[in-house]
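pasting a predicted model and its sequence here:
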There are 8 protein chains.
Amino acid sequence: MSAPANFGNARPIIDPDNAAMLLIDHQSGLFQTIHDMPFSAVRAHAVALARMATLAGMPVITTASVPQGPNGPLIPEIHASAPHAHYVARRGEINAWDNPDFVAAVKATGRRQLIIAGTITSVCMAFPSIAAAHDGYQVFAVIDASGTYSKMAEEITLARVVQAGVVPMDTAAVASEIQRTWHRDDAAQWAEIYTQIFPDYRLLIESYARAQEVQKNQEQLDSQRG
Amino acid sequence: MSAPANFGNARPIIDPDNAAMLLIDHQSGLFQTIHDMPFSAVRAHAVALARMATLAGMPVITTASVPQGPNGPLIPEIHASAPHAHYVARRGEINAWDNPDFVAAVKATGRRQLIIAGTITSVCMAFPSIAAAHDGYQVFAVIDASGTYSKMAEEITLARVVQAGVVPMDTAAVASEIQRTWHRDDAAQWAEIYTQIFPDYRLLIESYARAQEVQKNQEQLDSQRG
Amino acid sequence: MSAPANFGNARPIIDPDNAAMLLIDHQSGLFQTIHDMPFSAVRAHAVALARMATLAGMPVITTASVPQGPNGPLIPEIHASAPHAHYVARRGEINAWDNPDFVAAVKATGRRQLIIAGTITSVCMAFPSIAAAHDGYQVFAVIDASGTYSKMAEEITLARVVQAGVVPMDTAAVASEIQRTWHRDDAAQWAEIYTQIFPDYRLLIESYARAQEVQKNQEQLDSQRG
Amino acid sequence: MSAPANFGNARPIIDPDNAAMLLIDHQSGLFQTIHDMPFSAVRAHAVALARMATLAGMPVITTASVPQGPNGPLIPEIHASAPHAHYVARRGEINAWDNPDFVAAVKATGRRQLIIAGTITSVCMAFPSIAAAHDGYQVFAVIDASGTYSKMAEEITLARVVQAGVVPMDTAAVASEIQRTWHRDDAAQWAEIYTQIFPDYRLLIESYARAQEVQKNQEQLDSQRG
Amino acid sequence: MSAPANFGNARPIIDPDNAAMLLIDHQSGLFQTIHDMPFSAVRAHAVALARMATLAGMPVITTASVPQGPNGPLIPEIHASAPHAHYVARRGEINAWDNPDFVAAVKATGRRQLIIAGTITSVCMAFPSIAAAHDGYQVFAVIDASGTYSKMAEEITLARVVQAGVVPMDTAAVASEIQRTWHRDDAAQWAEIYTQIFPDYRLLIESYARAQEVQKNQEQLDSQRG
Amino acid sequence: MSAPANFGNARPIIDPDNAAMLLIDHQSGLFQTIHDMPFSAVRAHAVALARMATLAGMPVITTASVPQGPNGPLIPEIHASAPHAHYVARRGEINAWDNPDFVAAVKATGRRQLIIAGTITSVCMAFPSIAAAHDGYQVFAVIDASGTYSKMAEEITLARVVQAGVVPMDTAAVASEIQRTWHRDDAAQWAEIYTQIFPDYRLLIESYARAQEVQKNQEQLDSQRG
Amino acid sequence: MSAPANFGNARPIIDPDNAAMLLIDHQSGLFQTIHDMPFSAVRAHAVALARMATLAGMPVITTASVPQGPNGPLIPEIHASAPHAHYVARRGEINAWDNPDFVAAVKATGRRQLIIAGTITSVCMAFPSIAAAHDGYQVFAVIDASGTYSKMAEEITLARVVQAGVVPMDTAAVASEIQRTWHRDDAAQWAEIYTQIFPDYRLLIESYARAQEVQKNQEQLDSQRG
Amino acid sequence: MSAPANFGNARPIIDPDNAAMLLIDHQSGLFQTIHDMPFSAVRAHAVALARMATLAGMPVITTASVPQGPNGPLIPEIHASAPHAHYVARRGEINAWDNPDFVAAVKATGRRQLIIAGTITSVCMAFPSIAAAHDGYQVFAVIDASGTYSKMAEEITLARVVQAGVVPMDTAAVASEIQRTWHRDDAAQWAEIYTQIFPDYRLLIESYARAQEVQKNQEQLDSQRG
């Protein structure tokens, strides 16, 4: 059935206190194969996920696919942004869920919801998502913090994971579903996260601040000096 | 299940007498983050929704996300086009459905169908849609009277709300499902609404009127004067 | 449920002996609002549908939305290509299924499968499709013999009709599912139909014929005369 | 030579006191053939030209190609925005410059610079531009206040008019070259014109005004009320 | 110099009484390599050129590149639309201008202006255009009645032929520069040609005729019968 | 139901030991009608499928639609890459599943999973996929090793096969689900397969090898010699 | 003439010792009107220009258009990256070259070559470029470190400035023409600049470093541990 | 002047006996920064150039930019396809023309025409092209056998090199201008080269051969066996 799997009668949304984040195979080499969206957006979105997990105190597990080979190293910003993240080395398994250490690490978090992003989308993200949903987890797949070799491949994968009962998410929806409200002390840090997801937000903040400053200081317009 | 939720055996269409319209967070700042379609089309479509609700005597509820900050003010045309709309101020909640006043206002309409549009799509539109469907409402999400930061984000959200049992709609379908027939006194006002949704319709009306006028007045073609 | 409605255990495909074709509102004015694909392709595809119904002896019902007004006249090729088609005038109803004469005409065919195309997609095609599926028909919606005002509107409508249990089809699939085999006397006429759907097929036929002619006549290449 | 024709040693820019504006064949029917850009942008840009001519007190001449036929009527906003505009009826000539009344009207303005826009670009705009440049005028062709049937056709025309010594302009450049400075009493009206050219500018103005208002009134953020 | 070559002080436009049309290598096989625009538009535009030459009594010369091989046959509509066209067989030369018979045929027309289209653009169209311009002809290259393997290849060729002094044209501009006025007996045939270039024009004519018919016959709107 | 058909409680993934591969109608003529993706990518992906089946020892069945006619011959690389493939000639049936020899050949493999690709997507791939799923097979449709006449046609087909319970796959996902791990002796051959699917992978391998060689040989940078 | 103006017989390239850089109106508000390329790329490219000027010890002059109003503040990274830059406040003039202080500041550098970027392209970049070229400067316009409201507007502007004798540049060409060689002590800082222009370069550096590290340390592949 | 430089009164075309080919910096790393066209097309086109030079006996000079670093190795197919090519190592100079060995190698060929391709376009191709034209060579820049980081960067470079008097070419035009005629013994090898430039040509050859074979062998259509 294409409905979200394993939710029963619960509303199919992220519960920050019951979710763990899995960031899989965000590697410099694999990033060069991304063509469904700019790889730099994938990179920014993956980092945004790491930051929001840190803000929310959510467990993060990372892994990489043979990072000693052409796939290249894990991008450094992920662990920099989520210092508490736990890296699991695999032994060549393509599907991270085929690696017992990885599954054990997930289980050790005690969480029943998994937020998953990975490169490439149809493999590194989709395989563990489908497996985890089959094993009873509530799974949220962050399609645009993942990347793959064509827009069509992304669309096919979206259809496949939905068919398997996974909930598809974009990065902004994950952020907002974790944040929940602007009435919190770390609101400014969340605003900063949105500038990583849609950079126009940075312009809004800059223009807003300047407009208020002009009003506050009663500054004259340059054109009035003319 | 991906079928429309809460319809039972009813045909899954809008019943103008049982529907309320929720227009959420159509704000000048947020509009600047829209990249899945031209923001000016989102703006025109949102206004078209407000106008059709007014024509049909349908309740409208509006709200905004921290309109005193960088998100900017609610665009003025919405209340101008639906003077009967009821504005609900929130207290920082991202999901309007998390605000008790908002849910109360919806309940107060007595309607069991909700037509929802909002910016940004995956958050301001999707969160209340999923929540309302979970709470038993029949929900229609107007994807192209909402806007978000990428085409991919829009596609992901479409998949998510369908998975949650929400009925996806475009703005023209909402108009026609409310209007139902051209055999009504306000037909010309509905035609005007379509010119907001697909501006070519304005050209059709202009050309049609002129062609009839030429025939009626037996005007000579300029090229026949040559 | 998103599975095809009303098929029970039957394979969800067209049965040419049990299907009728509904061609709705293919009008010159409405065509000018089409932006999800070139309107001339919609026009060619609608005509191709009319031709294949004629070849297969399948009932065709047409209708138009206020063709005396800006929506413009029904394009003439449809009835030219399907002289047996039955035109039903409506009385302003937007959803053809709301017109009793139209539903009666459908019922009179005795067919339980409906192949539906219409302009604009989300309204003229989708409304009768959803209604007919709800009334127990097996419905096939020909998305690319319909046209609408944006690609996004088309995608939204595709999702909506699938959610309602309608089977989505492209024009070529309809042709092939009716034709079934090249081992038939009218094979050349079917080949001609495909040139309406993907015009490259005409090039293939031209090049193929010429290559065989050169071989047959042992013609010299121009470059060998040099 | 591809350099701007007839400028001699002068800087090749618009001199508002020596320029006239020619708005040619902006008609409802022809607009339906535009595919190099949204026709509604062509419409908005043409109106913006009319408005800026009015603000600057610049002569405007309009004309239409057989507006009694399928080409349709001149869009009404042009004369509404430039009440001083002079309409010249032609006698079937495609190139407005082939009509003696039109050339006489241009000459009567006494201006030596012509700002020309027209639909369709490669014909109604390009033909008079090439002719006028050949006759010694300094010509500015406003490519994006004109429209044509394909992006490629627009690109070909751009190359042709540049080859003929015409200066290519976009609508914003025309506005700014006429306005010259924000230090003028009608600055707000010019800002309004830019909102016609790039509608984001309207969002900027709205957000700016609100941000200053919040500061001025010391309004509390909704999220601080939480 | 990039200015139009060989015009001296003449206005750089087509003189229908001094021009010949060269239609080169419009073949079924080569058409399958076209990716800068839909090949069917190239086909329609080439046929439109043949028709307008026929209407204007302008000489037409055709040729093909080894039509006995994979390049395929000349498309039949060209000679069907211009029965007076003269076909010149080459002997393997890629540049038609390298074939003495071809150059002799051009010379025999006595015309000093050449309107050239060909597939593929950068070769079959560009090579003879550059050669003819170098030999003193005034050359008009019809870029969008030619086709090539990528948009970039088309753009490169546009730049190259302009650099060589060739005048770039789109098909509509050629038509209008030959037709010159609607005040002519064959106006309806020219209107028909435009429907080949931008098919929307056919819709305009259909809608216009119907609107006038409704007015003339005082027909009731269907919706008024409701 | 849109969930994957016939999996029961099994995880909906490829089991290399229980799957057969069906490569249908990858023919030179039909390839010329492909416009949803570059046909050369379809060609490369189909060949990649053949190679991975060979590496995995998986049965392959091929067929073609009237390869003596304009559809053209089967591309030769498929049998070259999968010498063990079994070719089944049809008798004009469009749906390969309508041919008893084809169904018998599938049955003879003893496999219950089918990986299906074909040109054109909505017909040659979709028809057998829907039929096989209806007959109890677990079906994986490889959308991007198939090709069709428009992106919209591909999207419609994706929706239709998902509705019918088929699992949608991209070519890379098929490869990885068969390969499962890099810890295998033929790992280099799998890497070679990925260079067929996303050619950037070849660049990664080249750059990686060179970087290691420079380090190993302690080569000086050219710029250090300067 | 369209050749580069004012170069005489010199090669038309940047001479780092004779060039000054003008960065005009890169403001948060104006950035929100950019639609010819992602504004974030314009931002990164403008910053890259500032950095390369700093590395090369080249004078930089900045200015802004009424930064107290809706156009918003100058983005802070420019002065942060070029601390030696000289900011000139204008008095409402749209063309910076109309401001005497600005022209004086340019003259004070003693440089005869100007590298100019600005937002929006057709105004803030083009006007001073044309004026400076007319006044005898050798001008290089950095089109993709400027931004404007449509791709078409950018193309029109490119044609206009080339016509006026300005040399069009992309940001990478400016960097390389200033840098000239990798045989310099600050080579790593130039590599860093390229990562701002095409972010893939950062991936190349990361992958290269890791590949060498693996070789140097004789690390085992994870898949060999399997 | 934008006319082709250094041709005097000669026709501005390639003379195979007077031309040398320069293939610059086609390296695995740099290829990963290409976004104006698929890098694999650049790769195929560069190899096609090498092959045609070999067929024509034309000198080829190659070089690379610090191939020991992140830019990666020269792609091996170039020297494999042009075994007679002469590789010149540079010493860090970005512009190959700044390297005395490179200029000497060019001079040593005795050719006065240079066909130049390079990655990235605006630097590695454009800099030597502009320098060589300035030094009196007739230069042909093969824009689509070069690659760069954005379509806009390619367009800017096209404009710049045309302004500098370089002749812009696409790869197919280069092939045809060297080949000149199909009446030559190596015609089949030239046909093979075109399959590298537009792969559809391979389909044409395959379909053509099969059609002739069917005719020759009087094969029955499969559908006639039905």
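Now that the structure is in, tell me what you want to look at.

give me the residue from chain A nearest chain B.
residue A:183 (3.4 Å; CB to the nearest CB). No exception for glycine: its C-beta is placed from N, CA and C like everyone else's.

contacts only, for that residue.
If a contact means CB atoms under 8 Å, 6 or more residues apart in numbering or on different chains, then residue A:183 has B:91, B:92, B:93, D:223, D:224, D:226 as its contacts.

now, among those, which is nearest to chain E?
Comparing the contacts of residue A:183 against chain E with CB to the nearest CB picks out residue B:93 as the nearest, at 45.3 Å.

can I assume residue A:63 sits in a helix?
No: read with DSSP: H, G, I helix; E, B strand; the rest coil, residue A:63 is strand and lies in no helix.

the helices in chain A, which residues?
Counting by DSSP state H, chain A forms helices over residues A:28-31, A:39-56, A:77-81, A:100-109, A:126-134, A:151-163, A:171-179, A:187-197, A:200-217, given from the N-terminal end onward.

now render these as CSV, adding mean pLDDT.
Below are the helices of chain A laid out as CSV (pLDDT from 0 to 100):
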stretch, mean pLDDT
helix A:28-31, 98
helix A:39-56, 98
helix A:77-81, 98
helix A:100-109, 98
helix A:126-134, 98
helix A:151-163, 98
helix A:171-179, 98
helix A:187-197, 97
helix A:200-217, 96
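
ok, back up a step: now the two most distant members of the contacts of residue A:183.
Comparing every pair within those by CB to CB identifies B:93 and D:224 as the most remote, at 13.2 Å.

out of the two, which sits in the more crowded spot?
More crowded of residue B:93 and residue D:224, by other CB atoms under 10 Å in any protein chain shown: residue B:93, with 22 against 15.

hang on, that one packs against residue B:99?
Yes: using CB atoms under 8 Å, residue B:93 and residue B:99 qualify as a contacting pair, with a distance of 4.7 Å.

who's in contact with residue A:77?
Residues in contact with residue A:77 (CB under 8 Å, 6+ apart) are A:43, A:46, A:47, A:50.

6 Å - rerun?
Counting by CB atoms under 6 Å, 6 or more residues apart in numbering or on different chains, residue A:77 makes contact with residue A:47.

do the one 10 residues further on as well
When contacts are counted by CB under 6 Å, 6+ apart, residue A:87 touches residue A:62.

what about it, distance to residue B:196?
From residue A:87 across to residue B:196, the span is 53 Å (CB to CB, to the nearest Å).

residue A:144 now?
Separation of residue A:144 from residue B:196 (CB to CB) stands at 30 Å.

for these two, indicate the residue with more neighbours.
residue A:144 (29 against 22).

so residue A:117 touches residue A:142, yeah?
Yes: contact criterion CB atoms under 6 Å: residue A:117 and residue A:142 qualify, at 4.2 Å.

mind listing what residue A:154 touches?
Taking CB under 6 Å, 6+ apart as the contact definition, residue A:154 lies against A:36, A:121, A:148.

ok, now how distant is the spatially closest residue to it that is not a sequence neighbour from residue A:150?
In this structure, residue A:154 finds its nearest non-sequential neighbour in residue A:36, 4.1 Å apart by CB to CB, 6 or more residues apart in numbering or on different chains. The span separating residue A:36 from residue A:150 equals 6 Å under the rule CB to CB.

now swap in residue A:89 and tell me
Taking CB to CB as the measure, residue A:89 and residue A:150 are separated by 30 Å.

which of these two has more neighbours?
A direct count of neighbours by other CB under 10 Å for residue A:89 and residue A:150 places residue A:150 higher, at 21 against 13.

looking at the helices of chain A, which is closest to residue C:69?
With CB to CB as the measure, helix A:151-163 is the member of those nearest residue C:69 (38.8 Å).

for residue A:198, give its distance to residue B:124.
When distances are taken as CB to CB, residue A:198 and residue B:124 turn out to be 13 Å apart.

residues in contact with the most centrally placed residue in chain A?
In chain A, the C-alpha closest to the average C-alpha coordinate belongs to residue A:49, at a distance of 3.9 Å (CA atoms, centre = their mean). Contacts here follow CB under 6 Å, 6+ apart; on that basis residue A:49 touches residue A:145.

try residue A:32
Contacts here follow CB under 6 Å, 6+ apart; on that basis residue A:32 touches F:200, G:203, H:32.

hmm, back to that, deepest of the helices of chain A, which one?
Mean neighbour counts were compared across the helices of chain A using mean count of other CB atoms under 10 Å in any protein chain shown; the top stretch is helix A:28-31, at a mean of 29.

tell me how many other residues crowd residue A:16.
A count of nearby residues for residue A:16, using other CB under 10 Å, gives 17.

which ones are touching it?
Contact analysis of residue A:16 by CB under 6 Å, 6+ apart lists A:56, A:178.

cutoff 7 Å now
A:56, A:58, A:178 (CB atoms under 7 Å, 6 or more residues apart in numbering or on different chains).

now do residue A:60
Contact partners of residue A:60, counting by CB under 7 Å, 6+ apart, are A:21, A:23, A:50, A:53, A:82, A:84, A:85.

do residue A:198 as well
When the contact criterion is CB under 7 Å, 6+ apart, the partners of residue A:198 are B:33, B:149.

flag every residue of chain A that's near chain G.
A:28-29, A:31-32, A:40, A:66, A:68-69, A:72-73, A:89-92, A:199-200, A:203, A:206-207, A:210, A:214, A:219, A:221-223, A:225-226 (CB under 7 Å from any CB of the partner chain).

mind running it again at 8 Å?
Proximity of chain A to chain G (CB under 8 Å from any CB of the partner chain) is limited to residues A:28-29, A:31-32, A:39-40, A:64-70, A:72-73, A:75, A:89-93, A:199-200, A:203, A:206-207, A:210-211, A:214, A:219-226.

before we move on, back to that, quick one: the residue nearest to residue A:154 and residue A:148 touch, right?
Yes: in this structure, residue A:36 is within contact of residue A:148 by CB under 8 Å, at 5.3 Å.

neighbour count winner among these two?
For residue A:36 and residue A:148, the more surrounded residue by other CB under 10 Å is residue A:148, and the numbers stand at 32 against 23.

can you pull the contacts of the nearest residue to that one once chain neighbours are set aside?
Nearest-residue entry for residue A:148: residue A:121, 3.9 Å, with adjacent residues in sequence omitted and distances by CB to CB, 6+ apart. Residues touching residue A:121, when contacts are defined by CB under 8 Å, 6+ apart, comprise A:36, A:143, A:146, A:147, A:148, A:153, A:154, A:157.

with distance to residue A:4 added, can I get those residues in CSV?
Listed next are the contacts of residue A:121 as CSV, based on distance: CB to CB, whole Å:
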residue, distance to residue A:4
A:36, 23
A:143, 15
A:146, 18
A:147, 24
A:148, 22
A:153, 23
A:154, 20
A:157, 17
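
just give me the closest of those residues to chain F.
Closest to chain F, out of all of the contacts of residue A:121 and judged by CB to the nearest CB, is residue A:153, at 4.0 Å.

list the contacts for that closest one?
Taking CB under 8 Å, 6+ apart as the definition of contact, the neighbours of residue A:153 are A:36, A:120, A:121, A:122, F:144, F:170, F:171, F:172, F:173.

any idea how many residues pack against residue A:135?
Residue A:135 sits with 14 neighbouring residues when counted by other CB under 10 Å.

for it, what are phi and psi?
Reported as degrees, to the nearest 10, the phi and psi values for residue A:135 are phi -90, psi 10.

quick check: it vs residue B:73, distance?
When distance is defined by CB to CB, residue A:135 is 48 Å away from residue B:73.
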